[in-house]
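**Q** Please find the sequence and the predicted model below.
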Amino acid sequence: MQIPKYGTKIKDFLLNILFPIKCLGCKVNDEILCDNCVNKIQLNERETTENITALFDYRDSLIKKAIWELKYHHKKYLGERLGQLLYDSLIENISDLRIEVPNRTIYILPVPISNRKTKTRGYNQSLAIAKGFCKQAPPGIFEIKNKIVVRKIDTEPQAKITNKKRRLKNIQGVFGIKNEEEVKGRTIIIIDDVTTTGGTIGEIMKVLKKAKAKNVFGFTVAH
Ligand SMILES: [Zn+2]
């Protein structure tokens, strides 16, 4: 039997009755992460890898908590909120980054997670963020492309590896492109929750560039 499409929405609705939404920071009702709390989150000022822009400083306890809840406590809706914030703050960078707005849509590519993680988590947190990002944008500019890059190998989670060189090595050759034609000449923004050494996004950039993508950027919620 197939689960009806609206199944998730009913589930969310019931969950909201049982566990009403409160701001993760100040507990105010009906807000996922209120503007007041968001304005207090430390912005990222540390340097990131080239062409990767991160919004918040991961050492900030509230953003750390938000990403933790999104990844490990099934709070998918936090992804949407974080995506919204990412759009609002980083859209200004689009002009700095000199992304030529092409007459074709800009592809939004959430970093694919391993099948094992999709199974245990039930969703890809980067896709949840990407959806929030695109929802906030005017229609017709961005398009989520969830399937152009595939994870060929399930690796050891990057977060478990502390050594930078090992992290980079762990991710090498992990990603592949399904259809190179689709990527050719395109402007693509890769979206992820956190970037540390820039290894994962860097590796995806590499395969996209190899397939002749025109411009590739990385946007992450935290660094
Ligand atoms: Zn708050």
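**A** Received it, and whenever you're ready, just let me know what you need. Numbering: from 1, shown residues only.
**Q** excluding its backbone neighbours, what's nearest residue 130?
**A** residue 110 (4.2 Å; Cβ to Cβ, 6 or more residues apart in numbering). Bear in mind the C-beta positions are built from the backbone N, C-alpha and C, glycine included.
**Q** My error: substitute residue 93 in the last question.
**A** Nearest one to residue 93, counting by Cβ to Cβ, 6+ apart, is residue 53 at 5.6 Å.
**Q** Assign a three-state SS to the one you found, would you?
**A** strand (DSSP: H, G, I helix; E, B strand; the rest coil).
**Q** Contacts only, for it.
**A** 90, 93, 97, 217-220 (Cβ atoms under 8 Å, 6 or more residues apart in numbering).
**Q** Touching, residue 127 and residue 147? I think so.
**A** No: in this structure, residue 127 is not within contact of residue 147 by Cβ atoms under 8 Å, at 10.6 Å.
**Q** Give me the more crowded residue out of these two.
**A** residue 127 (22 against 11; other Cβ atoms under 10 Å).
**Q** Now the two most distant members of the contacts of residue 53.
**A** 97 and 220 (14.2 Å; Cβ to Cβ).
**Q** At which residues are the strands of the chain located?
**A** For the chain, the strands defined by DSSP state E cover 52-56, 106-110, 142-144, 149-151, 175-177, 187-194, 215-222.
**Q** Using CSV, lay out those strands together with distance to residue 77 and mean pLDDT.
**A** CSV is the format used below for these (distance: least, Cβ to Cβ, whole Å; pLDDT from 0 to 100):
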stretch, distance to residue 77, mean pLDDT
strand 52-56, 18, 94
strand 106-110, 16, 96
strand 142-144, 17, 95
strand 149-151, 25, 91
strand 175-177, 28, 93
strand 187-194, 14, 96
strand 215-222, 14, 95
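**Q** would you list these in CSV and tack on distance to the ion?
**A** Shown next, in CSV, are the strands of the chain (distance: least, Cβ to the ion, whole Å):
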stretch, distance to the ion
strand 52-56, 15
strand 106-110, 26
strand 142-144, 28
strand 149-151, 35
strand 175-177, 37
strand 187-194, 20
strand 215-222, 17
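**Q** And the biggest helix by length in the chain, what does it pack against?
**A** Identified as the longest helix of the chain according to DSSP state H is helix 77-96. Helix 77-96 sits against strand 52-56, helix 61-72, helix 125-136, strand 187-194, strand 215-222, with contacts defined as 3 or more Cβ pairs under 8 Å, 6 or more residues apart in numbering; DSSP states H and E.
**Q** ok, and for the second one, which residues are buried?
**A** Neighbour-count burial for helix 61-72, with 16 or more other Cβ atoms under 10 Å as criterion, is recorded at 62-64, 66-67, 69-71.
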